[in-house]
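Asker: coords please:
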Amino acid sequence: MTLTELRYIIAVAREQHFGRAAEACHVSQPTLSVAIKKLEEELGVTIFERASNEVSLSPIGERIVQQAQQTLESANSIKQMALHGKNQLAGPLRIGAIHTIGPYLYPELIPLVHAAAPEMPLIVEENMTAVLTEKLKRGEVDVIIIALPFEEKGIVTQPLYEEPFVVLLPSSHPLTSRKTVNSKLLEEENVLLLGQGHCFRDHVLEACPACIPKPGLDGGVLHTVEGSSLETIRHMVVSGLGITVLPCTASGAHSYSHRLLAIRRFSKPVPTRTVALAWRVSFPRPKVIDVINKAVRKCNLSCVKPVRK
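Answerer: The predicted structure follows:
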């Protein structure tokens with residue numbers, strides 16, 4: 001049994017397809033298939049149940065893959081310890097953030113982290129919470145920045161700041177006459193939301209239950225239009241398609257003339273989210289966590305409230 005064989009079975013379990021798994025592992029499909037068959041023969045069990053058009057884990061296979069993931073993580077931790085034993089702030093750091101945080105935090109965060117740890121280049125990405133969580137568990141990223149609540153076995157979280165939500169409106173909208181907006185006032189509005197799978201969509205619907213898409217008489221959906229990103233939604237607001245709710249760091253009205261967009265705060269209680277850092281319990285570079293934490297607190301995010309340790 002080798003670490004390479006463990007990587008192969010994890011890839012097949014993830015892709016549920018031998019061809020895609022082989023491509024992800026940068027080997028030919030016959031090489032991967034032979035290695036997995038060899039491992040099954042060595043263990044005397046069937047890890048994968050094969051059908052003509054699908055591959056699934058056997059009951060024992062599920063347990064083996066789970067253990068394989070833990071084994072690879074431990075092996076990676078040993079390498080990290082050896083590589084960074086003398087200087088935890090040397091060597092690349094792979095960091096991920098959800099789509100509603102990354103574009104607005106990275107420009108401030110990256111220069112500050114680089115200044116504090118010049119020998120630690122950052123490899124950054126953006127993705128949905130579910131994808132980043134799986135990458136974190138597999139050791140494909142080192143730390144992620146997400147919104148709470150976030151509870152995963154073997155992962156530690158540290159709150160960074162509380163971020164209020166704001167309402168983004170076309171500058172000609174009647175609600176601009178108000179200093180603050182009550183969430184109940186959104187009930188009759190055309191509220192633009194992110195699509196399914198974005199945790200911020202869930203946060204908005206929790207703050208404004210009336211914004212939940214409503215079925216129309218023809219079976220369609222009334223009141224709600226969805227966008228693929230906050231930037232898309234902002235452009236849709238400028239175009240007059242509706243209004244939206246955004247985290248304050250993403251409101252971005254400064255990018256447009258005040259003749260086009262207006263921002264209004266919510267009246268109390270103001271809906272908020274808690275932005276947090278998450279990493280594996282086994283992550284061997286605690287000084288990195290300290291650097292990121294301090295850098296975030298130095299970021300020029302005037303609308304947020306830092307969470308004290």
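
Asker: please name the residues that touch residue 262.
Answerer: 168-171, 173, 176, 253 (Cβ atoms under 8 Å, 6 or more residues apart in numbering). For glycine as for every other residue, the C-beta is placed from the backbone atoms N, C-alpha and C.

Asker: roughly how far apart are it and residue 245?
Answerer: 14 Å (Cβ to Cβ, to the nearest Å).

Asker: how about the strands of the stretch 151-300 of the chain, start to end?
Answerer: With DSSP state E, counting those that start in this stretch as the criterion, the stretch 151-300 of the chain has strands at 155-170, 180-181, 191-194, 214-215, 221-222, 224-227, 243-247, 261-266, 272-280.

Asker: quick one: closest of those to residue 105.
Answerer: Relative to residue 105, the nearest member of those by Cβ to Cβ is strand 272-280, separated by 7.9 Å.

Asker: could you count how many residues lie near residue 250?
Answerer: Other residues within reach of residue 250, judged by other Cβ atoms under 10 Å, total 22.

Asker: can you check the one 10 residues further on too?
Answerer: Per other Cβ under 10 Å, the neighbour tally for residue 260 reads 15.

Asker: same question for residue 272.
Answerer: 18.

Asker: now swap in residue 26 and tell me
Answerer: Using other Cβ under 10 Å, residue 26 has 6 other residues around it.

Asker: just the pLDDT for it.
Answerer: Looking at residue 26, its pLDDT is 91.

Asker: from residue 39, how far out is it?
Answerer: Distance of residue 26 to residue 39, given as Cβ to Cβ: 19 Å.

Asker: do residue 240 as well
Answerer: 59 Å.

Asker: average pLDDT across the longest helix seen in the chain?
Answerer: Secondary structure of the chain read by DSSP state H shows that its longest helix is helix 59-84. The average pLDDT within helix 59-84 is 81.

Asker: after that helix, next one along is what?
Answerer: For helix 59-84, the following helix or strand on the C-terminal side (DSSP states H and E) is strand 93-98.

Asker: so which elements touch that following strand?
Answerer: Judged by 3 or more Cβ pairs under 8 Å, 6 or more residues apart in numbering; DSSP states H and E, strand 93-98 is in contact with helix 102-116, strand 122-127, helix 129-138, strand 143-147.

Asker: now with 6 Å?
Answerer: Contact here means 3 or more Cβ pairs under 6 Å, 6 or more residues apart in numbering; DSSP states H and E; on that basis strand 93-98 packs against strand 122-127, strand 143-147.

Asker: parallel or antiparallel, which strands does the last one pair with?
Answerer: In other words, strand 143-147. When pairs are called by DSSP bridges, strand 143-147 turns out to pair with strand 93-98 (parallel), strand 272-280 (antiparallel).

Asker: report the helix or strand with the lowest average pLDDT across this protein.
Answerer: Within the chain, no helix or strand scores below strand 221-222, which has a mean of 46 by mean pLDDT, DSSP states H and E.

Asker: thanks a lot, catch you later.
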